[in-house]
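In: sequence plus predicted model, see below.
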Amino acid sequence: MNADKPTEYDFVIIGAGAAGEAAAHEAIRLGASVAVVERELAGGSCPFWACMPSKALLHAARVHNHGGKYPWSRASDFRDWMINREDVDSPSDQSHVKSLEDEGAEFIRGNATITAPGTVRVTADGQTDRVLRGRSLIAAVGSRSTIPHDLPGIDDLEPWTNRQATTARELPKSLLILGGGPTGVELAQVYARYGVPVTLIHPENRLNHRDHPRNSEVLKRTLEADGVDIHLEERAEALIAGRDGAAHTAKLSSGATATGHEVLFAIGRTNPLADLGLESIGVKLHKGRVKPDDQLRIAPDTYVVGDPAGPEMHTHLAHYQGEMAVHIARGEDVRPDYTAIPRAIYTEPETAGVGMLLEEARKQGLDVFEEWTDLEKSAKGYVTESFGHATVVVDRASRRLVGAFIAGPGAAEAIHEAVLAIKAGITIDVLADTIHAFPTTSRVLGTVFVQAARRMES
């Protein structure tokens, strides 16, 4: 690195994923000087090993499933094109780097460690390359797939994470997926639709168990229709590596076994905070995590954004927090608002949700009720031969929407009416009086708004 370059910045941002990029671009837009340190690829997981390749593969699998000419070779090539990995083993992040540098940020590739308030040491190949000073530090280090290294037998095989599953150029003979959250269910559909025998193990009593039960049921129905063998309320207690091309075996908590030539771990995410040097600024980790205040602050002039900040892990939330931290660091009296975070699963059909489940709202002391309708019996369900639902949770006292959940075609798009309604405090009366185009999934949601408004009148 060029030792003549300045080492004093308004912002030193550790991590160039969704949160770090958003923070850098916003800070530069507001006239600040910025250094961004990234140990791997600018852009983070989303464009290379998560959101973009998985959605590209889901698209390919959907076309293939409906009889289109989309063999795995074409799907793999399309996925590689999406992540700039054509004819090379590793993707290129140069478009992300160029975007930062063109706007005026200094991009530094290396490992960053906080050594004192406002001070970051950057190392590469074990050597200290730079010491940076920032008026504000933003930790945007993202997360990585959790691998339970204490699971007996795991060291005898090479487990897959989302990285291997979204970049494979050859289909596995069979796939065992541990974990039925967003990653597990989306990749289960991809590989099952390409004819791979898929077994999915999930320790809870329903898939994507933090979502609405009707969404969980839709996911189960669609995956089983695709041929996925689903085992709920089961967990792997040991692995036995297959030899000479044989499948690996998982011993399950019930005493049964499940097999797969590849084993994909989709059991959660781990925040890489332990080596960040947070102890140098008086920040202690609790079970590997930090707890920022309501302005994303973990120490004076030091902020955490993205996956390690919580309360959920989404690219769109990371982007929001990255920009928010910049405004807070500049002295604005603003705070992130988490009341309307959209969530979506991009299987076919899609599932989506925002706000609180019925029981969550009741625990908050709200007098709420739930209304729903069956999408399969709607015009949208008829013309698309699809199934799903639309469900809303309404607070009687304020007459406002506090939760909404949809499964069906375009659910991830349709949910944003409910996102805005919860964010803006729009009443169920206004929502019921809103005209929705026919026949759409949004109209199915509008039908439930009408049902809820009529229920308030009775």
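Out: That came through, no problem.
In: for the rest of this, base every contact and every neighbour count on C-alpha atoms.
Out: Noted.
In: strand partners of the lengthiest strand in the chain, parallel vs antiparallel please.
Out: Selection of the longest strand in the chain by residue count, based on DSSP state E, yields strand 127-139. Sheet pairing of strand 127-139 (DSSP bridges) gives strand 8-14 (parallel), strand 119-124 (antiparallel), strand 302-304 (parallel).
In: next, count neighbours for residue 128.
Out: When neighbours are defined as other CA atoms under 10 Å, residue 128 has 13 of them.
In: quick check: it touching residue 122?
Out: Yes. Contact status for residue 128 versus residue 122: in contact at 5.9 Å, counting by CA atoms under 8 Å.
In: domain assignment for the chain?
Out: By the assignment in automatic domain parsing, the chain contains the domains 8-44+93-143+271-329, 154-267, 343-457.
In: would TSV of the ones you listed with distance to residue 336 be doable?
Out: TSV is the format used below for those (distance: least, CA to CA, whole Å):
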stretch	distance to residue 336
domain 8-44+93-143+271-329	7
domain 154-267	22
domain 343-457	12
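In: which pLDDT does the model give the residue nearest the centre of the chain?
Out: In the chain, the C-alpha nearest the mean C-alpha coordinate belongs to residue 314, at 3.8 Å (CA atoms, centre = their mean). Per-residue pLDDT puts residue 314 at 97.
In: isn't it up against residue 307?
Out: Yes. Counting by CA under 8 Å, residue 314 does reach residue 307; the two are 7.3 Å apart.
In: what touches both of those two?
Out: Overlap of the contact sets of residue 314 and residue 307 (by CA atoms under 8 Å, 6 or more residues apart in numbering) is empty.
In: about what we covered before: buried ones in the longest strand of the chain?
Out: Neighbour counts using 16 or more other CA atoms under 10 Å place 129-139 of strand 127-139 among the buried residues.
In: pLDDT averaged over that strand - what is it?
Out: pLDDT averaged over strand 127-139 gives 92.
In: do stretch 338-345 as well
Out: 98.
In: send me that stretch as CSV with only the CA atoms.
Out: What follows is stretch 338-345, C-alpha atoms only, in CSV (Å, rounded to 0.1, in the frame of the first residue of the first chain):
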residue,chain,number,x,y,z
TYR,A,338,-37.6,-1.8,13.0
THR,A,339,-41.4,-2.0,13.1
ALA,A,340,-41.8,-2.8,9.4
ILE,A,341,-39.0,-5.1,8.2
PRO,A,342,-40.1,-7.1,5.2
ARG,A,343,-39.1,-10.8,5.0
ALA,A,344,-39.4,-13.0,2.0
ILE,A,345,-38.7,-16.6,0.8
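In: got a list of contacts for that stretch?
Out: For stretch 338-345, the surrounding residues in contact (CA under 8 Å, 6+ apart) are 182, 186, 311, 314, 317, 350-355, 411-412, 415-416, 419-420, 422-423.
In: mind redoing it with 7 Å?
Out: 182, 351-355, 412, 419, 422-423 (CA atoms under 7 Å, 6 or more residues apart in numbering).
In: shaky segments in the protein?
Out: When residues are selected by pLDDT under 70, those of the chain lie in 1-6.
In: okay, buried residues for the lengthiest helix in it please.
Out: In the chain, taking DSSP state H as the definition, the longest helix is helix 441-457. Neighbour counts over helix 441-457 (16+ other CA under 10 Å) mark 441-453 as buried.
In: would you map the helices across this structure?
Out: Secondary structure of the chain (DSSP H): helices located at 18-29, 45-49, 51-65, 72-82, 94-103, 162-167, 182-193, 213-225, 315-329, 358-363, 379-384, 411-424, 428-432, 441-457.
In: for these, which one sits closest to residue 337?
Out: Evaluated with CA to CA, these place helix 411-424 nearest to residue 337, the distance being 8.5 Å.
In: how far is the closest one from where the chain is centred?
Out: Computed by CA atoms, centre = their mean, to the nearest Å, the chain-centroid distance of helix 411-424 equals 18 Å.
In: check which residues of that helix are buried.
Out: Buried-residue list, helix 411-424, by 16+ other CA under 10 Å: 411-412, 414-416, 418-419, 421-423.
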